[in-house]
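A.B. asks: Using only what follows, build the 3D model:
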Amino acid sequence: MKSESGEIQRDGLYSLAEFTKRTGLKDWALRAARRAGLRVLYLHGRGFVRGADWFEYVAQVAASVSPSAQ
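C.D. replies: Just a heads-up that it's a prediction; the model follows:
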């Protein structure tokens with residue numbers, strides 16, 4: 001079975017559909033990430049995620065996890 005995930009580039013811009021396909025996040029996980037601080041840009045009624053914002057969000061989450069939980 002071919003993997004649906006792909007690489008996220010720091011300088012890339014991804015539609016929400018492409019972003020979820022590349023990351024493998026389900027709709028509920030994307031909503032949770034947005035509530036937790038993942039920035040989504042809207043342009044002409046369509047949502048986009050910048051790769052740089054994804055990496056910033058991941059770093060923020062990693063920093064908030066206690067060392068004992070890792």
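
A.B. asks: drop to CA atoms for contacts and neighbour counts, all remaining ones
C.D. replies: Will do.

A.B. asks: doesn't residue 22 make contact with residue 7?
C.D. replies: Yes - with contact defined as C-alpha atoms under 8 Å, residue 7 counts as touching residue 22 (6.3 Å).

A.B. asks: okay, those two: which has more neighbours?
C.D. replies: In terms of neighbours (other C-alpha atoms under 10 Å), residue 22 is the more surrounded of residue 7 and residue 22; the figures are 16 against 10.

A.B. asks: Please report how far the more buried one lies from residue 65.
C.D. replies: Separation of residue 22 from residue 65 (C-alpha to C-alpha, to the nearest Å) stands at 24 Å.

A.B. asks: Now do the buried residues in the top helix by length along the chain.
C.D. replies: When the chain is parsed with DSSP state H, its longest helix is helix 51-64. By neighbour count on 16 or more other C-alpha atoms under 10 Å, the buried set for helix 51-64 is 51, 52, 53, 54, 56, 57.

A.B. asks: Contacts for it, please.
C.D. replies: 8, 9, 10, 11, 12, 13, 14, 37, 38, 39 (C-alpha atoms under 8 Å, 6 or more residues apart in numbering).

A.B. asks: now the helices: where do they sit in this structure?
C.D. replies: Counting by DSSP H, the chain has these helices, from start to end: 16-23, 27-35, 51-64.
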